[in-house]
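Asker: Take a look and give me a structure for this.
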Amino acid sequence: MKLSPLLLASACLFSANLFAQTTLIKNVNGYTMEAGALVQFHAVKYKDDIIKTVYKQGDVLPAKGDMTIIDGQQKTMLPGLIDAHGHVLNYGLSLLRADLMSTKSEQDAVAIISEYANKNKALSWLQGRGWNQVQWPNKQFPTAASLDKVIDEKPVVLGRVDGHAIWVNSKAMELAGIDKDTKEIEGGEIVRDSDGNPSGVFIDNAMSLIYSKIPTLNDEEVQHALKIAMRSLASVGLTSVHDAGIYSDNLDAFKALTDDNEMVIRINAMLDVTDPQWRQQMAKGHYRSGDDMLAVHSVKISADGALGSRGAALIEDYSDKPHHKGLLLHDPFDLTKLIKASMEAGFQVNTHAIGDNANKLVLDNYETLIKQTKTSALRHRVEHAQVLQLDDIKRFADNNIIASMQATHATSDKNMAEDRVGSIRIKGAYAWRTLIDNGVVIAAGSDFPVEYPNPFFGLHASVTRQDQQNQPENGWYINEGMTLTEAFNSFTMGAAYAGHQETLLGSIEAGKKADFILIDQDIFKVAPEKIWQTKVLDTYVNGQKVSF
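Answerer: Model prediction:
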C-alpha cells in the first residue's frame with residue numbers, strides 16, 4: 001500500500017518521536033549565564049528539544065547506553081544568541097536587492113544600482129538599501145538627478161541604512177504623482193531643492209507617498225524572503241529574533257511556515273500599529289505556537305525617526321541644523337492612545353524612541369499608563385533608547401522598563417552623533433554603563449538590516465566601543481562600555497527576559513530548549529578587538545543542527 005504524502009509525513013514524525021535518542025555533546029568549552037554569573041561546562045545532554053543535564057567541572061559523564069554521542073572537539077559552545085530587535089522580512093528582501101551598505105559616494109551607489117538593473121531586467125521596480133550620506137565625502141543627501149542619468153524609464157527606490165529615508169528617481173516620483181505642489185505629510189519631510197522641487201529624498205512618514213505605489217508581495221514571495229533571512233541569521237549564531245514590527249500578511253506567513261514545520265529560528269513578533277489590522281490582531285490575544293517557534297504578545301510603536309536623517313525628535317534644536325528638532329511620527333495625544341490601548345489589551349508595548357524628546361514622551365506615557373493599567377509585569381520596552389536626558393535614565397528601572405539597545409549603532413553613529421546633538425547631550429547617548437549602573441535591563445540586538453545581524457559585531461562594539469578598524473583609539477566614550485559578561489548577558493538572558501522567555505531560552509540549563517552554537521574561538525579569552533572575527537561552526541535549534 002502506498003501512503004499519501006500526509007500520512008507518510010505523519011508516520012515519519014511518529015517514528016522519529018518513538019525512537020528519539022538522547023544526545024550527549026561532550027568535550028566542549030562551554031559558557032552560559034546562571035543567576036547573573038558566567039559559568040563554564042564541558043558537556044550537555046538533551047532529549048528531543050529539551051536540555052536534561054549540563055555537566056560542569058568535576059561532573060562525571062554517563063555511560064553511553066542508548067545515547068547519541070557527539071565529540072565537541074573542545075570547540076566553544078554558547079547558548080543560541082538572541083537578537084532583541086531586528087526586521088526579518090526586510091532583511092530577507094535586502095538579501096534579494098541591491099546592497100548599498102559599503103558605498104563610498106553617491107556616484108558609487110548609482111553605479112551599483114545601475115549594475116543591479118542590468119542583471120535584473122525583469123523587475124518593474126528597482127529596489128535597494130543601505131546608503132548613508134554621512135559616510136560620503138560631501139555628507140549631503142543624494143538626488144534623483146544622479147539616478148536619472150542611468151535609469152529613467154523604471155522607478156528606483158533605495159532605502160537609507162536606518163530605514164527612515166528613501167532616495168528615488170524622477171520616474172518613481174512621477175508614478176506617485178509627486179511634484180512641487182505636493183504637500184508635506186505630518187511626521188515626514190520631502191527634501192526639496194532651492195526652488196522647492198522634490199529633490200528625490202523622502203524622510204519618515206513621507207516615504208509612504210512612494211511605498212504606497214510599489215506592488216505588494218504575494219504570499220509565496222513573503223515566505224521565500226523569510227526563509228532566506230532566517231537561514232542567514234542562523235549562520236551567524238542567532239537562534240531567536242524579536243521581529244520589531246510586522247504586518248498581518250507577514251504574521252500569516254510566519255504561521256504558515258510554522259504549520260509546515262519550516263521555521264528555521266524562533267521568532268518573537270511585535271504587531272506594528274501602522275498595520276490597518278493591528279487592532280483586530282491584538283483582539284485575538286497572545287499567540288504561541290505549540291513548538292515555541294513563534295510567539296506574539298507585544299506591540300511595536302515608533303515615536304520618532306532616526307538621528308542620521310535628523311528625524312529623531314530632540315528637545316532642543318539639532319546642533320548641526322538650527323531651527324530643526326526632528327520629527328514625531330505620531331501626535332502626542334495619538335501616541336498616548338496607542339500605548340494605552342495596547343497596555344489595556346494586555347500586550348507588552350515596545351516603543352521606538354531615539355531622540356531625547358521622543359524618549360521623554362514615551363517615558364512620561366509609560367510612567368503614567370503603567371500605573372493606570374497595572375501592567376508593570378508586562379516589562380514594557382523602549383526600543384533604541386538612544387539619546388536620553390540623564391534625569392530620565394533612572395525612570396527605566398523605577399518602572400520596570402527595558403532598554404532594548406543596539407551596540408553597533410554607537411560604532412556606526414560615532415562619526416555624526418556628536419555633530420547632531422553636541423557635547424552635552426552626547427553624555428546621555430548610547431549610555432549602556434549608566435543604564436546598567438542604574439539597575440536597567442538591557443536587551444541587545446542589531447536592528448538588522450540597518451546594521452549587520454552578526455551578534456559578535458555587537459558583542460565587540462559593546463566592549464570596545466570601537467569599529468572593526470579599532471577606531472577610535474581607546475574607544476568612543478569608553479566609559480559607557482560594558483564588560484564582556486554584561487554584553488553576553490544582554491544577547492542571552494537579557495534578551496530572553498525582554499521577550500518573556502527567560503524560562504525557555506537564554507541559557508544552557510536543564511529544562512530549557514536545546515538551542516546552542518559552536519564557534520571557532522573562545523570569546524572570553526581572545527583579545528577584545530578580535531571578538532567580531534568569531535565564526536559560527538554549527539547552530540542547533542530544538543536540538544537539531546541547522547543547515548546554512
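Asker: Just give me how far the strand or helix carrying H352 sits from the chain centre.
Answerer: Assigned by DSSP states H and E, H352 belongs to strand 348-353. Relative to its parent chain, strand 348-353 has a centroid offset of 13 Å by Cα atoms, centre = their mean, to the nearest Å.
Asker: can you list contacts of it?
Answerer: Strand 348-353 has contacts (Cβ atoms under 8 Å, 6 or more residues apart in numbering) with 244, 270, 297-304, 339, 342-343, 358-359, 361-362, 366, 378-386, 404, 500. C-beta coordinates here come from the backbone N, C-alpha and C atoms, glycine included.
Asker: next helix or strand past the lowest-mean-pLDDT helix or strand in the chain?
Answerer: Every helix and strand in the chain was compared by mean pLDDT, DSSP states H and E; the lowest is helix 5-18, with a mean of 36. The first helix or strand that comes after helix 5-18 along the chain, using DSSP H and E, is strand 22-34.
Asker: So which other helices or strands are in contact with that following strand?
Answerer: Here strand 22-34 touches strand 37-47, strand 50-55, strand 67-71, strand 76-79, helix 484-490, going by 3 or more Cβ pairs under 8 Å, 6 or more residues apart in numbering; DSSP states H and E.
Asker: Any chance of CSV for those, columns mean pLDDT?
Answerer: Formatted as CSV, the helices and strands packed on strand 22-34 follow (pLDDT from 0 to 100):
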stretch, mean pLDDT
strand 37-47, 98
strand 50-55, 98
strand 67-71, 95
strand 76-79, 98
helix 484-490, 98
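Asker: Any idea which of the ones you listed gets closest to K213?
Answerer: Across the helices and strands packed on strand 22-34, K213 has its closest neighbour in helix 484-490 (39.8 Å, Cβ to Cβ).
Asker: Does anything pack onto the closest one? Which helices or strands?
Answerer: Helix 484-490 packs on strand 22-34, strand 37-47, strand 442-444, helix 455-464, going by 3+ Cβ pairs under 8 Å, 6+ apart.
Asker: before we move on, back to that, deepest in the core, which of the helices and strands packed on strand 22-34 is it.
Answerer: Mean neighbour count (mean count of other Cβ atoms under 10 Å) peaks for strand 76-79 among the helices and strands packed on strand 22-34, with a mean of 25.
Asker: what's A303 in contact with, if anything?
Answerer: Going by Cβ under 8 Å, 6+ apart, the list of residues near A303 reads A313, L328, L329, H330, L335, T351, H352, A353, A358, L361, V362.
Asker: out of those residues, which are inside helices?
Answerer: Residues of the contacts of A303 located in helices (DSSP state H): L335, A358, L361, V362.
Asker: Please produce JSON lines containing those residues, extended by pLDDT.
Answerer: Listed next are these as JSON lines, based on pLDDT from 0 to 100:
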{"residue": "L335", "pLDDT": "98"}
{"residue": "A358", "pLDDT": "98"}
{"residue": "L361", "pLDDT": "98"}
{"residue": "V362", "pLDDT": "98"}
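Asker: any idea which of those residues is closest to S248?
Answerer: Closest approach between the ones in helices among the contacts of A303 and S248, by Cβ to Cβ: L335, at 22.0 Å.
Asker: Show the contacting residues for the closest one.
Answerer: Taking Cβ under 8 Å, 6+ apart as the contact definition, L335 lies against I301, A303, L328, L361, V362, N365.
Asker: helix or strand for the first one, which one?
Answerer: Yep, that's I301 we're talking about. Using DSSP H and E, I301 maps to strand 294-302.
Asker: Parallel or antiparallel, list what pairs with that strand.
Answerer: strand 266-272 (parallel), strand 287-288 (antiparallel), strand 348-353 (parallel) (DSSP bridges).
Asker: now it: mean pLDDT?
Answerer: Average pLDDT, strand 294-302: 98.
Asker: same question, stretch 526-538
Answerer: 98.
Asker: what do you get for stretch 148-155?
Answerer: For stretch 148-155, mean pLDDT rounds to 96.
Asker: Repeat that for stretch 467-482.
Answerer: Stretch 467-482 comes out at a mean pLDDT of 97.
Asker: Which residues lie in contact with the spatially most central residue of the chain in this structure?
Answerer: Residue closest to the average C-alpha location in the chain (Cα atoms, centre = their mean): G86, at 1.7 Å. Neighbour list for G86: L233, V241, H242, D243, A244, G445, S446, D447, F448, P453 [criterion: Cβ under 8 Å, 6+ apart].
Asker: Which of those residues fall in helices?
Answerer: Using DSSP H, the contacts of G86 in helices are L233.
Asker: Check the contacts of G86 against V201 and report the nearest one.
Answerer: The closest of these to V201 turns out to be D447 (Cβ to Cβ; 20.7 Å).
Asker: Pull the number of nearby residues for that closest one.
Answerer: 26 (other Cβ atoms under 10 Å).
Asker: now the one 5 residues further on
Answerer: Here the number of neighbours of Y452 (other Cβ under 10 Å) works out to 17.
Asker: Tell me where the stretch 201-350 of the chain has helices.
Answerer: In the stretch 201-350 of the chain, the helices defined using DSSP state H, counting those that start in this stretch lie at 208-211, 219-235, 248-259, 278-283, 332-344.
Asker: mind putting the ones you listed in TSV, distance to N400 included?
Answerer: Formatted as TSV, these follow (distance: least, Cβ to Cβ, whole Å):
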stretch	distance to N400
helix 208-211	34
helix 219-235	29
helix 248-259	27
helix 278-283	21
helix 332-344	13
